[in-house]
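1. need a 3D model of the following:
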Amino acid sequence: MSLPNTVATEEETLIDVIERRRLRTHFQPIVSVATGRILAYEALTRGPEGSSLATPLALFAAANRCRRLAALEQACLACALERWARTGLDALLFLNISPDVLIDVPVFVETFVPLLDRVGLAPTQIVLEITEQSPGIDPQRMATSVEHYQSLGFSFALDDLGDGYAGLRLWSELTPSYVKLDRHFVSGIDGDHVKRRFVRSIIDIAHSLGGRVIAEGVERQAELDALLELGADYCQGWLFAHPDPQPRRVREALEARVAALRETSRDYATVMEIRRLCVELPALGSSIDVASAVERFTRMPEVNALAVVDEHGRPLGLLGRQQLMALLGKRFGFDLHGRQPISQVMQAQALCVEACEPLERVSRKVTGRDEASRDEDFIITDGGHYLGVGHVINLLQLVTEQQVQVARQANPLTQLPGNQPIRAALERYQHRARTFVACYLDLDHFKPFNDRFGYALGDQMILILARVLSEATGREDFLGHLGGDDFVLLLDGDARLHQRLGAIQSRFQRESSELLPTLERAAGGFHAKDRFDQWRFFPHTRLSIIALRTPPGAALESFGDLWSRFKTPAKRADNGRAVVTIKSFDDGLTPPPVVNDESLVSWLRDAQG
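-> Here you go, the predicted model:
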């Protein structure tokens, strides 16, 4: 009989919390490490401190049981807006909204928009973050509501992508400006290849749809490094700052923290930034009408498109000359559309890229767009603020220049990266915050094979090896050709290392043996002259591998010296490989001590698998 009293007490407490606004609002930053800037803050609500409703989970669970979710959300929004306005910070504000509240457009507009006006904020400063609380909402109906809010200037984010209601169908229906990776995919991503593949796919899809990706729950440097490599646009988590009720108080410390992380992460950006493509064109204010936009285009006949920005200089969309002319070229087109605000006719889902983004990432975003918009200009921003416009033709030219430069440094036979790119890759991998494997590969008895069967057949063997290695190289790995039969393979992680290397050796052995004549193949080798000019029998050419497991931050001066040191043990090993773990000692990162070849072979016995 005590249950009704318990429920009544809980409801009374909840009503008191809502009506008297006994809510705490904390703000957590969303940052761009690439630019060293703070994009936004997310408002996070807690109940009265020390009460049974103190945590968000308890607060919203009670509201759900008491059927007070809408009232609680209205109170949360009011508190968040009032307290954010008092901070005076110039950043976007992310507000969590349930689909149940958003779906009722008249009520939301009637209550929320006046509240914005009262605290002195504009819809363009707000990002409505759709939370996962109502799995029964029809995505198509939700998309219609979102389209109306977007016409008012609001942006949208999809929360916890990959979890529950925030699914692929809703994503495709809404095409939000931001998608937030569920923290499940972020936690431990630096050591999980499956998560990396999922996140890479999500980022590629988001960029192709003109959206940006925010990784939630970033707590470790290694996770940040992995996310930056994969192309995440923004990050949020304890690595940067905990939620705080007074974000201005800790703003200076946050900026210093982000700047420091930017310095340590610069190795993840290609030297050739997209900033080189920026054409500084004047932007259009969102309040001007179509007729005024036509006048601007008339004064600039060489311009194909102009960005549309809000009063804070943040891009809202792109207005193309052809799009405008097509609209006005219809019968009575000017009379019908001349006085319309350009915000109603612009392309709201225009591609925006940061000036510091690497060329490769921007190229993927541009080519990932649908065919109809692939040739359209894109907006370039600096810290989220409009900087200029980029032309696709200039991007293609820059990509071509880079490809020519790479070709000049490539091996002429295999077209794989040569010495200089290999050195740059080794340096880049050493600065990452996780283990990688640096492999040196060469062929046993290759010179006798060349002397006996000729250089043409020797080149075929090199090409077979290059193809086998290329097909075994993952997206995050690196393959280079030093020259002759010497290759370098850098592996992103050491999972199933022996199995992976063994598979490469077996496949090469199988495919390259086809180059031998039938009798020599049956005999398992061939006769040729050795270095003393004496005829003797050589086994079929075999692939030897020296693999160095290299821990995070290992500043090794010369991989070449280490590979040379372990070359003989690898060739003497039955499986043709030596896997060596670079260990950490008190005096720093050094290779294991080696006295002589005999002791080294004994030391490597366990490592060979």
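
2. so where's the stretch 451-600 of the chain uncertain?
-> By pLDDT under 70, the low-scoring segments of the stretch 451-600 of the chain are 553, 555, 583-600.

3. check the stretch 151-300 of the chain too.
-> Residues of the stretch 151-300 of the chain meeting the criterion pLDDT under 70: 161-167, 265-272.

4. quick one, strands of it?
-> Applying DSSP state E, counting those that start in this stretch to the stretch 151-300 of the chain gives strands spanning 155-161, 178-181, 212-215, 234-235, 284-285.

5. from the chain's centre, how far out does the second one sit?
-> Put plainly, it is strand 178-181. In terms of CA atoms, centre = their mean, to the nearest Å, the centre of strand 178-181 is set 11 Å apart from its chain centre.

6. name the residues that touch it?
-> Here strand 178-181 makes contact (CB atoms under 8 Å, 6 or more residues apart in numbering) with 127, 129, 155-162, 171, 199, 202, 206, 211-216, 232, 234, 236. To be clear about C-beta, it is placed using only N, CA and C from the backbone, and glycine gets the same treatment.

7. could I have the CA atoms of that strand written out in PDB?
-> The C-alpha trace of strand 178-181 is given here as PDB (Å, rounded to 0.1, in the frame of the first residue of the first chain):
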ATOM      1  CA  TYR A 178      26.000  17.400 -37.300                       C
ATOM      2  CA  VAL A 179      26.000  13.800 -36.300                       C
ATOM      3  CA  LYS A 180      27.300  12.700 -32.900                       C
ATOM      4  CA  LEU A 181      29.100   9.400 -32.700                       C
END
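
8. that strand pairs with which strands, parallel or anti?
-> Here strand 178-181 is paired, per DSSP bridges, with strand 155-161 (parallel), strand 212-215 (parallel).

9. most tightly surrounded among these?
-> Stretch with highest mean neighbour count among the strands paired with strand 178-181: strand 212-215 (a mean of 26; mean count of other CB atoms under 10 Å).

10. need the residues that contact that strand.
-> Residues external to strand 212-215 that are found in contact with it (CB under 8 Å, 6+ apart): 30, 157, 177-181, 186, 199, 202-203, 206-207, 223, 227, 231-237, 352.

11. of all the strands of the stretch 151-300 of the chain, which one is nearest residue 82?
-> strand 155-161 (20.7 Å; CB to CB).

12. endpoint to endpoint, stretch 302-312 covers what distance?
-> The first and last residues of stretch 302-312 sit 27 Å apart, counting by CA to CA, to the nearest Å.

13. and it, what's buried?
-> Neighbour-count burial for stretch 302-312, counted by 16 or more other CB atoms under 10 Å, picks out 303, 304, 305, 306, 307, 308, 309, 310.

14. so which of the residues you listed sit within helices?
-> Judged by DSSP state H, helices contain none of those.

15. out of those, which comes closest to residue 494?
-> Using CB to CB, residue 307 is the member of the buried residues of stretch 302-312 that lies nearest residue 494, at 45.9 Å.

16. neighbours of the closest residue in space to the closest one that isn't next to it in sequence, how many?
-> Among residues not flanking residue 307 along the chain, residue 283 sits closest, at 4.5 Å (CB to CB, 6 or more residues apart in numbering). Neighbour count of residue 283, defined by other CB atoms under 10 Å: 21.
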